[in-house]
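**Student:** got a sequence here, can you build the structure:
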Amino acid sequence: TTDDGEQIQNPPRDEYETWVKIEPPGVVCGNNTPFKIFANFSAKSDNLVVVFEPGGACWDYDSCTGKNGIRGAANPDGVKDDHWKLAQIISPFLSRFDETSPSRDWNMVYVPYCTGDVHTGNKVATYTSAGSPDVTFHHDGHAATQQVVKWIDESFTHVPKMLVTGCSAGGVGSLVNYRFLRKGIHA
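**Tutor:** Numbering: from 1, shown residues only. Below you'll find the model as predicted:
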């Protein structure tokens, strides 16, 4: 039963209030490693918060490789299995311990950023620079988001309220992809 007296309608989970790694099939990070998301299930609410991670963008050799000392996009070498540890640092909406967070009792999905395309790309690009080996970069953000939507739709049977948010590249991702989330989640 929720704080509002409603019955929880989502299926029971093996674990609550702990981060679980999910590897959606068929999508990759910039360096072609598996894309990962993280979920933290609630036994107190059917509501859902989805947070898109920030992290700049890349569009050429220098920005995708950091040739000039600055990498344009976060996590281009993939997402580690313990990346969830950044969740509550990235967004207060992903903290169960912040009593001021309106989503602290909600289900949480953290969408890391590793595609260099503000969570919206659909291209494999090869970037070149004289005297350096070519770099192939997978801008797979759109496909990744589609897999996130599919996973949420299959994993939740009831989502009365949903908050989709992010900042920087995650802010763009949350705005551009909100429509796909709202239309693709049938709960």
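**Student:** what's near enough to touch the residue nearest the centre of the chain?
**Tutor:** Residue closest to the average C-alpha location in the chain (Cα atoms, centre = their mean): Val111, at 0.9 Å. Residues near Val111 by Cβ atoms under 8 Å, 6 or more residues apart in numbering: Ile37, Val50, Val51, Phe52, Glu53, His119, Ala144, Thr145, Val148, Gly166, Gly170, Gly173. For the C-beta atoms, the positions are set from N, CA and C on the backbone; glycine is no exception.
**Student:** go on, Ile90?
**Tutor:** Val51, Glu53, Pro54, Tyr110, Gly170.
**Student:** need phi/psi at it.
**Tutor:** phi -70, psi -40 (degrees, to the nearest 10).
**Student:** and the gap between it and Arg96?
**Tutor:** Plainly put, Ile90 is 14 Å away from Arg96 if you go by Cβ to Cβ, to the nearest Å.
**Student:** doesn't Val135 make contact with Val124?
**Tutor:** No: counting by Cβ atoms under 8 Å, Val124 does not reach Val135; the two are 11.2 Å apart.
**Student:** distance between the ends of stretch 66-75?
**Tutor:** Distance between the two ends of stretch 66-75: 12 Å, counting by Cα to Cα, to the nearest Å.
**Student:** that older thread, among Val124 and Val135, which residue is more densely surrounded?
**Tutor:** Val135 (19 against 13; other Cβ atoms under 10 Å).
**Student:** so what's Asn31 up against?
**Tutor:** So, once contact is read as Cβ under 8 Å, 6+ apart, Asn31 ends up touching Pro76, Asp77, Gly78, Phe137, His138.
**Student:** doesn't the first one fall inside a strand?
**Tutor:** No: the assignment for Pro76, made by DSSP: H, G, I helix; E, B strand; the rest coil, is coil rather than a strand.
**Student:** so what's it up against?
**Tutor:** Here Pro76 is in contact with Cys29, Gly30, Asn31, Cys58, Cys64, Cys114, Gly116, Phe137 (criterion: Cβ under 8 Å, 6+ apart).
**Student:** need those residues in CSV with secondary structure, can you?
**Tutor:** Output for the contacts of Pro76, formatted as CSV (three-state DSSP):
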residue, secondary structure
Cys29, coil
Gly30, coil
Asn31, coil
Cys58, coil
Cys64, helix
Cys114, coil
Gly116, coil
Phe137, strand
